[in-house]
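A.B. asks: Sharing a sequence plus its predicted fold:
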Amino acid sequence: MFGLEGVRKSLEESIKEVIREKFSLEMNVVLERPPEGFGDFSYPLYDLVKNLRKSPEELGKIIISSMDLKNIERVEIKGNYLNFYADSLSISEDFINKIRESGREALNFERKNRKVILEHTSANPTGPLHVGRGRNPIIGDTIGRLLKKYGYDVETHYYVNDAGRQSAILVYGYKNLKLDVNEKKSDHRLVPYYQKASELIENDDQAKLEIEKIMNSVERGDVNTIMENREILGLVLEGIKQTLSRINVSFDRFYWETDLILNGSVKRVLEMLRDDMKEEEGAYYIEVELKGKREKVFLKRKDGTSLYFTRDIAYHLVKSELGDEMINVLGEDHKPHAEMLLQVLKKIKGNINIRNVFYSFVALPEGRMSTRRGRVVYLDDLIEESVEKAREEIIKRRNDLDPEAIETLSEKIGTGAVRFNILKIQSEKKLVFKWEEALNFEGDSSPFLQYSYARASSILRKESWKGQYSKDLVRDQAEVALLKMMLQYPEVIEDASRNLRPYRVAKYAIDLASAFNIFYTQCPVLKEREELKQNRLAMVHAFRLLMGDLLDLMGIEHPEEI
RNA sequence: GGGCUCGUGGCCUAGAUUGGACAAGGCACUGGCCUUCUAAGCCAGGGAUCGCGGGUUCAAAUCCCGCCGAGCCCGCCA
């Protein structure tokens, strides 16, 4: 791989070595990234100054004179810091060479030969997706793309909850109520049935009984009931899939919860935990420790049926057989559940690799989203509004496009904005949904990225890069800044993947686009003399490759012109 | 009540894992830049007691303790 990380590591090693030899000290050397104008890496000398009672100048000189300065252009001692200026231009030459030789493959990481089962979204198939949990598919899908990029094999799962009360309510409503609904999208069409049936249970004992009967049959593993239910729930799931596919989210596998009942997994879990279970009024539970407190977790109702937690254990055991590691993207409300689940899984199966990514709910300014209270923004509505906004903006700027082209373009820009505006914020941070922010197409936004990509494409359409590049022709500050920014790609991807922080990619994409836009305004390309033109075309070419890659990672389209 | 998470200019967000040099972007605001590769852009400017109070340290937005505020959780629900 290319980039500056290698330089950092060898500098750290070398400094550590010098300190050991010259001062007989064992120190943990971590270089910092200094503010603008202080080089690429810096080493604070405070500790040494204090330890050895010598001036920073004196210490700095000793270190510099005996350390290995490979790939370093110059070093300065400034205050209590040793500032290293990397020879970014030589490194950039390697980078451009790699791009020339292998194109986009230059951005690939080595395969890890490790398979991750990534579960995300898993919304109950009882209604359309709303923005409250809308972060889940976007964060989840991006993590999947990131991990693939970083070299993992990834299998994405959607766990379809068809065993609970909510599913039974919908099924009952759809089968028994005669309603006149004008909605063509199936997930929205079924909403009134669910709502009406929910109301019914409040005071209609007969309905309540019927719903409990459905639940009971399902949990007992009655194949007919389960399959009938799946047909109705499947209608909603189809609608959800449509929504997701519009924002480029898809799954390798939909795993139905009731399969765990049908294939005996749930039964096996209960057997495995038989010795740990305790009885209380006919129901069975196990005890787990949560934050120093013992908690009861029920696995079996007094009527003998299993609970969500039981089935979740079974599901995770299934997943653990499918890959080397599991990653789940979960709402913050699942935190205690996930912690307890992990404990139980460890008890059953010693080494188990699970990592959870939690996100906090998206709320509206007036409070938490709630379908019942009619306080909800559906993901479909957000997408629709965003695409509409994009259409308006395009019509404002372009009068050369036919209606069909406008349509295609607004879809790409609008859906990209939906993904980006959610992605750019750390998942655990609370998020209040405001239309004016969701529809912001300036500054830190996806159109900003797509715009920079289109600008690069536009230049390359007029003239393509012939393959020449020389660091000696780089003079402008904007060129250097762009090159340096591009060199950060590997460490950003690594950090984002290892720590499951997709927002890092979003932030980096903004910085990169920004560096390119400055380059674009300051450095003409096409009208320069041949040599310089080729040099700048190389940068534009490399930038376009990188930005296209980053947008793909985020599931955002990158049209050649916007 | 207990636990988890969050609190950074008027608004939104980085920086916190690994404590370091004037706290960095964006929105909004003020002023400039389209006869030159796409102005969804670029340049310049104003605007921050980093929730509050202690502590550790040569050095704290970052680590520790307490408090305040917001969200989430504490079911034989999912």
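C.D. replies: Thanks, I have the structure now. Because the structure is a prediction, the values reported are computed rather than measured. Numbering: from 1, shown residues only, chains lettered A, B, ... in the order given.
A.B. asks: Test my guess that A:R135 contacts A:F358.
C.D. replies: No - A:R135 is beyond contact range of A:F358, at 10.1 Å (criterion: C-beta atoms under 8 Å). The way it works is simple: take the backbone N, C-alpha and C, and place the C-beta from them, glycine included.
A.B. asks: quick one: A:N83 is in a strand?
C.D. replies: Yes - the assignment for A:N83 is a strand, going by DSSP: H, G, I helix; E, B strand; the rest coil.
A.B. asks: Please name the residues that touch A:G221.
C.D. replies: Neighbour list for A:G221: A:258, A:261-262 [criterion: C-beta atoms under 8 Å, 6 or more residues apart in numbering].
A.B. asks: wait, which of those is closest to RNA strand B?
C.D. replies: A:T258 (10.4 Å; C-beta to the nearest atom of the strand).
A.B. asks: Neighbour count: A:R135 and A:F358, which is higher?
C.D. replies: Per other C-beta atoms under 10 Å, whichever of A:R135 and A:F358 has more neighbours is A:R135, with 21 against 16.
A.B. asks: what are the phi and psi values for the more buried one?
C.D. replies: A:R135 has phi and psi values of phi -70, psi -30 when expressed as degrees, to the nearest 10.
A.B. asks: ok, now A:T156?
C.D. replies: Residue torsions, per degrees, to the nearest 10, at A:T156 are phi -100, psi 140.
A.B. asks: show me the contacts for it.
C.D. replies: A:118-120, A:140-141, A:144, A:250-253 are the contacts of A:T156 under C-beta under 8 Å, 6+ apart.
A.B. asks: Please flag which of these sit within helices.
C.D. replies: A:140-141, A:144 (DSSP state H).
A.B. asks: Can you name the residue of chain A nearest to RNA strand B?
C.D. replies: A:G443 (2.0 Å).
A.B. asks: Quick one: classify that residue as helix, strand or coil.
C.D. replies: Assignment for A:G443 (three-state DSSP): coil.
A.B. asks: What is the burial count for it?
C.D. replies: The burial count for A:G443: 9, using other C-beta under 10 Å.
A.B. asks: For A:E436, give its distance to A:G374.
C.D. replies: 22 Å (C-beta to C-beta, to the nearest Å).
A.B. asks: Sorry, slip of the keys, the one I care about is A:K9.
C.D. replies: For A:K9 relative to A:G374 (C-beta to C-beta), the value is 56 Å.
A.B. asks: A:S445 now?
C.D. replies: Applying C-beta to C-beta to A:S445 and A:G374 gives a distance of 30 Å.
A.B. asks: more crowded one of these two?
C.D. replies: A:S445 (20 against 7).
A.B. asks: Please give me every residue in contact with that one.
C.D. replies: A:417, A:420-421.
A.B. asks: need these in JSON lines with neighbour count, can you?
C.D. replies: Output for the contacts of A:S445, formatted as JSON lines (neighbours: other C-beta atoms under 10 Å):
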{"residue": "A:A417", "neighbour count": "26"}
{"residue": "A:F420", "neighbour count": "24"}
{"residue": "A:N421", "neighbour count": "23"}
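A.B. asks: So which of these are in strands?
C.D. replies: With DSSP state E as the criterion, strands contain none of the contacts of A:S445.
A.B. asks: From the residues you listed, which land in helices?
C.D. replies: A:417, A:420-421.
A.B. asks: Look at stretch A:110-124 and report the distance between its end residues.
C.D. replies: For stretch A:110-124, the first-to-last residue distance is 37 Å (C-alpha to C-alpha, to the nearest Å).
A.B. asks: count of residues packed around the closest residue to A:L364 other than its chain neighbours?
C.D. replies: Leaving aside its chain neighbours, A:L364 sits nearest to A:F433 (5.6 Å; criterion: C-beta to C-beta, 6 or more residues apart in numbering). Number of residues near A:F433 (other C-beta under 10 Å) recorded here: 19.
A.B. asks: I'd guessed A:F433 sits against A:V377; true?
C.D. replies: Yes - the criterion here is C-beta under 8 Å, and A:F433 meets it with A:V377 at 6.4 Å.
A.B. asks: shared neighbours, these two?
C.D. replies: A:131, A:364.
A.B. asks: Do a quick rundown of the helices in the stretch 101-250 of chain A.
C.D. replies: Using DSSP state H, counting those that start in this stretch, the helices of the stretch 101-250 of chain A run over A:135-150, A:165-176, A:186-189, A:191-203, A:205-220, A:223-246.
A.B. asks: what's next to the last one, contact-wise?
C.D. replies: Translated: helix A:223-246. Contacts for helix A:223-246 (C-beta under 8 Å, 6+ apart): A:121, A:123, A:125-129, A:137, A:160, A:162, A:167-168, A:170-171, A:174-175, A:185-190, A:214, A:217-218, A:250, A:254, A:256, A:258, A:261-262, A:379-380, A:383, A:415.
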